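> Sequence and predicted structure below; questions after.
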Amino acid sequence: MKRPALKLSLSLLLLAGCAPTAILPPAAVEASAGRAHAVLDPAMEARIAGMVAGMTLEQKVGQITQPDVRNITPDEVRQYYIGTVLNGGGAWPDNDKRSTVAEWAAWADAYADAAMATDMAVKIPLLWGTDAVHGHNNVSGATIFPHNIGLGAANDPALIERIGRATARQVRATGITWAFAPTLAVGENRRWGRTYESWSSDPALVRRYGEAMVRGLQGDLTGDGDVLATAKHYLGDGGTFNGVDQGQTRATREDLLTRHGAGYHGALDAGVQTVMISYSSWYDAGTGQDHGKMHGNRDLIAGHLKGDLGFDGLVVSDWNGIEQVAGCAKDHCPQAVNAGIDVFMVPEDWRAFIANTVADVREGRVSEARIDDAVTRILRVKMRSGLFDRPASASVLTGRADVLDARALAREAVRKSVVLLKNDNAALPLQRGRKVLVVGASADSLSNQTGGWSLTWQGTENANADFATGQTLLSALRETLGADNVAWSIDGAGVDVSQFDAVVAVLGETPYAEYNGDVRYPAPVQHSLQHPADLAALQAVSGKGVPVVTVLYSGRPAYANDLINLSDAFVAAFLPGTEGGGGLADVLVGGAHDFTGRLSFAWPGSACSTGEGAGQIVQFARGYGLSYARAAPVGRLPLPATPATCES
Ligand code: BGC
Ligand code: BGC
């Protein structure tokens with residue numbers, strides 16, 4: 001029997017208990033063409049095949065099943081041979097929001113240990129996924145970075161890679177090794193409640209960032225500070241009609257694959273190991289054919305992603321995403337298995353899913369070969385990430401509270417991601433030693449500053465103290481300018497503005513995630529309509545002869561010409577995270593740091609302009625952004641009447 005020497009030595013390594021892991025040859029990376037280029041390791045594949053051959057059908061189906069930890073005990077993980085779990089937004093150890101990193105790590109360990117206590121001949125380690133989408137955002141005490149919309153404005157892939165590294169370390173501190181990030185959506189319509197999860201409407205930027213973030217998160221996959229990344233949500237999540245979350249993306253195949261697919265090319269180049277499917281559906285604008293929900297799209301999952309693009313990692317479904325496929329239920333969807341999904345996020349109804357899927361195979365609706373392929377991919381990803389060699393918690397970072405601290409990096413990211421839209425009459429920078437009046441409810445709200453996916457899924461129900469770390473802009477201004485020089489009034493009512501040298505109005509959206517953040521067509525999208533108290537606060541202080549500097553926290557480019565006209569200076573700060581206060585103070589005060597952020601989405605010039613295409617009124621184009629070095633008067637902006645409805 002012919003056997004290459006290399007293969008033999010790898011097998012010996014395996015026998016010695018040190019499995020080799022896949023590292024991409026540098027040459028392959030350089031020759032990148034937007035597709036996967038990992039080379040299958042024959043020894044690893046042989047080992048996996050042996051394991052799969054030794055598994056019962058129930059064990060295999062357990063391996064592809066992903067419950068939410070809130071709905072399964074460690075002992076059930078053992079009993080049902082569960083392969084992966086997730087903690088959904090707002091799931092914490094003992095249901096305690098302020099759990100310590102040690103408690104998180106102990107929680108993860110309890111589940112990991114249970115998976116190693118099955119009665120299987122070969123034990124399979126558990127993989128745990130978490131939504132670390134702007135830092136390890138479910139964990140109190142973890143620095144939370146700006147949401148992606150702000151990072152896009154920084155236009156700095158090296159910064160993104162460093163944020164990926166820091167986030168991965170935070171995740172490893174809690175004993176977890178899989179991040180459900182990055183989101184590679186090319187956001188098209190600012191009605192969409194997930195606009196802030198998108199870096200940009202520019203596919204080229206999304207591609208560069210996708211590559212950088214995956215490199216940052218994954219490192220070489222096996223280091224103590226490395227986690228698996230997830231390219232999500234495949235495909236077309238950012239392109240839904242009217243910006244409806246989980247809606248229908250109308251695009252030609254070419255447009256879908258190149259524009260919405262751009263981020264995947266970057267992520268695959270960087271060796272991303274997991275891809276999450278989008279809730280959205282695809283309508284082919286070229287042929288007029290409705291292809292239905294992506295979770296059932298065999299052509300794009302098995303065909304394009306795994307076939308054309310050569311993706312050999314695992315594909316995971318989104319939270320109950322299978323139930324939206326025509327003919328499917330939350331706990332039963334042979335179509336999705338056959339479409340090529342490998343891991344099924346069935347957070348609640350995992351028991352029934354296992355029973356139904358086993359029956360699907362026994363009764364021929366799903367082939368056992370398809371299940372074997374899914375299990376093979378899951379084991380491959382686990383093996384490549386070193387889980388078979390060392391338990392997740394063996395990282396030197398596990399349990400270390402100090403690793404959650406990435407404040408300096410986050411503050412730098414804030415400075416680089418805020419965009420100066422207007423600075424007339426040199427209202428900025430604020431001068432030290434002067435008296436400043438701060439107005440607006442967002443000035444002292446870490447909740448508005450961090451947005452959705454912060455401690456809880458929606459980012460609501462969070463008091464400042466819940467974050468355990470972080471600084472509001474009010475606090476940062478007090479620190480920088482001296483507490484005696486800073487007064488605060490939420491609504492500015494009855495304040496004698498003439499007693500101050502400057503006003504800082506901190507306005508903001510209140511937190512939301514996913515569909516809860518949609519502004520449904522045909523409602524106009526205008527910050528002052530959605531948040532009238534912000535307009536009132538600004539009106540109370542504007543036009544009193546004292547310069548007004550407005551800072552806006554928003555998850556979308558929000559039409560705000562009325563607010564901008566009431567302000568001398570206007571800063572789009574997006575959702576800057578726990579270090580938003582300090583980072584903003586760095587650029588607002590003294591002028592030591594200049595503004596370098598540039599819009600990564602066009603900023604609208606009317607309440608019914610929700611995109612960037614033909615017929616849309618754009619106030620500030622993508623790429624726009626002033627600085628101290630590059631001043632330009634903005635003057636009075638037009639105020640097109642906002643209709644009661646955008647329906648034409
Ligand atoms: C979101 C995903 C997320 C998952 C798990 C879904 O609702 O669309 O982005 O990873 O939940 O929390
Ligand atoms: C979970 C989130 C998830 C969402 C989907 C929530 O209960 O905590 O992680 O994305 O449900 O609907």
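Thanks, I have it. Ligands and ions are numbered 1, 2, ... in the order given.
> Around ligand 2, which positions in the stretch 401-550 of the chain sit nearby?
W457 (Cβ under 6 Å from any ligand atom). Where you see a C-beta, it was placed from the backbone N, CA and C, and this is true even at glycine.
> Now do the strands in the stretch 401-550 of the chain.
Along the stretch 401-550 of the chain, counting by DSSP state E, counting those that start in this stretch, strands occupy 419-423, 436-439, 486-489, 502-508, 548-553.
> Most proximal residue of the stretch 1-150 of the chain with respect to ligand 2?
G88 (2.9 Å; Cβ to the nearest ligand atom).
> Count the residues that sit near the residue lying closest to Y553 once chain neighbours are set aside.
Counting by Cβ to Cβ, 6 or more residues apart in numbering, G508 is the residue found nearest to Y553 once chain neighbours are left out, at 3.3 Å. G508 has 26 neighbours, counted by other Cβ atoms under 10 Å.
> wait, G83 sits on Q66?
Yes - G83 is within contact range of Q66, at 7.3 Å (criterion: Cβ atoms under 8 Å).
> how near is the residue in the stretch 301-450 of the chain that ligand 1 sits nearest to to Q619?
Nearest residue of the stretch 301-450 of the chain to ligand 1: W319, at 3.7 Å (Cβ to the nearest ligand atom). Here W319 is placed at a distance of 36 Å from Q619 (Cβ to Cβ, to the nearest Å).
> rewinding a little: where do the contact lists of G83 and Q66 overlap?
Taking Cβ atoms under 8 Å, 6 or more residues apart in numbering as the criterion, G83 and Q66 both touch V343.
> Neighbour count for those two, which is higher?
Neighbour tally, G83 and Q66, criterion other Cβ under 10 Å: the higher count belongs to G83, 28 against 25.
> Can you give me the domain boundaries for the chain?
Following automatic domain parsing, one gets these domains for the chain: 33-403, 406-597.
> Mind checking those for the one nearest to P604?
domain 406-597 (4.5 Å; Cβ to Cβ).
> Endpoints of the closest one, how far apart?
In terms of Cα to Cα, to the nearest Å, the two terminal residues of domain 406-597 are separated by 21 Å.
> cool, stretch 46-65 as well?
From start residue to end residue, stretch 46-65 stretches across 23 Å - Cα to Cα.
> Any figure for the gap between R390 and I149?
Distance, R390 to I149, using Cβ to Cβ: 37 Å.
> Check the stretch 251-400 of the chain for the residue nearest ligand 2 and tell me.
W319 (4.2 Å).
> residues near that residue, how many?
Applying other Cβ under 10 Å, we find 21 residues neighbouring W319.
> pLDDT at it, what is it?
Listed pLDDT for W319 reads 98.
> Leaving out the residues flanking it, which one is nearest to the residue of the stretch 1-150 of the chain closest to ligand 2?
D68 (4.9 Å).
> residues in contact with the one you found?
Contacts of D68 were listed using Cβ under 8 Å, 6+ apart, and they are 85-88, 91, 347-348.
> For these, work out which two are farthest apart.
Most distant of those, by Cβ to Cβ, are N87 and E348, 13.8 Å apart.
> who in the stretch 401-550 of the chain is up against ligand 1?
The stretch 401-550 of the chain has residues E514 near ligand 1, with proximity defined as Cβ under 6 Å from any ligand atom.
> Alongside ligand 1, which residues does this protein contribute?
Residues of the chain lying near ligand 1 (Cβ under 6 Å from any ligand atom): 86, 88-89, 131, 180, 232, 318-319, 514.
> Now tabulate these in a markdown table and tack on secondary structure.
Compiled in a markdown table, the residues of the chain next to ligand 1 are given as follows (DSSP: H, G, I helix; E, B strand; the rest coil):
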| residue | secondary structure |
| --- | --- |
| L86 | strand |
| G88 | coil |
| G89 | coil |
| D131 | coil |
| F180 | coil |
| K232 | strand |
| D318 | coil |
| W319 | coil |
| E514 | helix |
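> and A329, bridged to which residues?
Per DSSP bridges, the residues bridged to A329 are H332.
> wouldn't M383 be in contact with M44 here?
Yes - using Cβ under 8 Å, M383 makes contact with M44 at a distance of 5.6 Å.
> So between the two, which is more surrounded?
M383 (24 against 20).
> Give the helix, strand or coil label for that one.
When classified by three-state DSSP, M383 comes out as helix.
> what's the spacing between it and D68?
25 Å.
> L127 now?
14 Å.
> What is the burial count for the residue nearest to L300 when sequence neighbours are not counted?
Spatial nearest neighbour of L300, chain neighbours left out: L235 (6.0 Å); criterion: Cβ to Cβ, 6+ apart. L235 is flanked by 29 other residues according to other Cβ under 10 Å.
> Settle this for me: L235 is touching W282, isn't it.
Yes - the pair L235 and W282 qualifies as a contact (Cβ under 8 Å) at a distance of 7.4 Å.
> any common contacting residues for these two?
256, 294, 300.
> Please name the nearest non-neighbouring residue to the first one.
So that's L256. G236 (5.4 Å).
> Run a quick neighbour tally on that neighbour.
Around G236 there are 28 residues (other Cβ under 10 Å).
> ok so, going back, for the residue nearest to L300, what are its contacts?
256-257, 260-261, 264, 278, 282, 294, 300.
> Over to S395?
S395 is in contact with 172, 175, 224-225, counting by Cβ under 8 Å, 6+ apart.
> just A540 next, same as before
Here A540 is in contact with 439, 491-493, 495 (criterion: Cβ under 8 Å, 6+ apart).
> And for R411?
Contact analysis of R411 by Cβ under 8 Å, 6+ apart lists 579, 582-583, 586.
> change it to 6 Å
579, 582-583 (Cβ atoms under 6 Å, 6 or more residues apart in numbering).
> With N71 instead?
For N71, the contact set (Cβ under 6 Å, 6+ apart) comprises E348.
> For it, give me the pLDDT.
98.
> Next up, phi/psi of it, please.
phi -110, psi 20 (degrees, to the nearest 10).
> So for the chain, the centremost residue is which one?
Geometric centre of the chain, nearest residue: V133, 3.4 Å, by Cα atoms, centre = their mean.
> phi, psi of that one?
Residue torsions, per degrees, to the nearest 10, at V133 are phi -100, psi -20.
> From V214, how far out is A302?
Going from A302 to V214 by Cβ to Cβ gives 22 Å.
> what about these two, which has more around it?
Just comparing A302 and V214: by other Cβ under 10 Å the higher neighbour count belongs to V214, 29 against 17.
> In terms of helices and strands, where is the more buried one?
Assigned by DSSP states H and E, V214 falls within helix 203-218.
> I'd like the distance from that helix to the chain centre, please.
Distance, stretch centre to chain centre, for helix 203-218: 12 Å (Cα atoms, centre = their mean, to the nearest Å).
> And for stretch 580-592?
Distance, stretch centre to chain centre, for stretch 580-592: 25 Å (Cα atoms, centre = their mean).
> How about stretch 244-255?
Distance, centroid of stretch 244-255 to centroid of chain: 20 Å (Cα atoms, centre = their mean).
> Other residues contacting that stretch?
For stretch 244-255, the surrounding residues in contact (Cβ under 6 Å, 6+ apart) are 193, 236, 239-241, 279-283, 285-286, 514-515, 518.
> Buried ones from these, can you make that a PyMOL selection?
Entered in PyMOL, the line below selects the buried ones among the contacts of stretch 244-255, by 16 or more other Cβ atoms under 10 Å:
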select buried, resi 193+236+239+240+241+279+280+281+282+283+514+518
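> so which pair among the contacts of stretch 244-255 is furthest apart in space?
Of all pairs drawn from the contacts of stretch 244-255, the greatest distance, 28.9 Å, lies between G286 and E514 (Cβ to Cβ).
> Out of the contacts of L235, who's the most crowded?
Most surrounded of these: other Cβ under 10 Å gives M294, at 29 neighbours.
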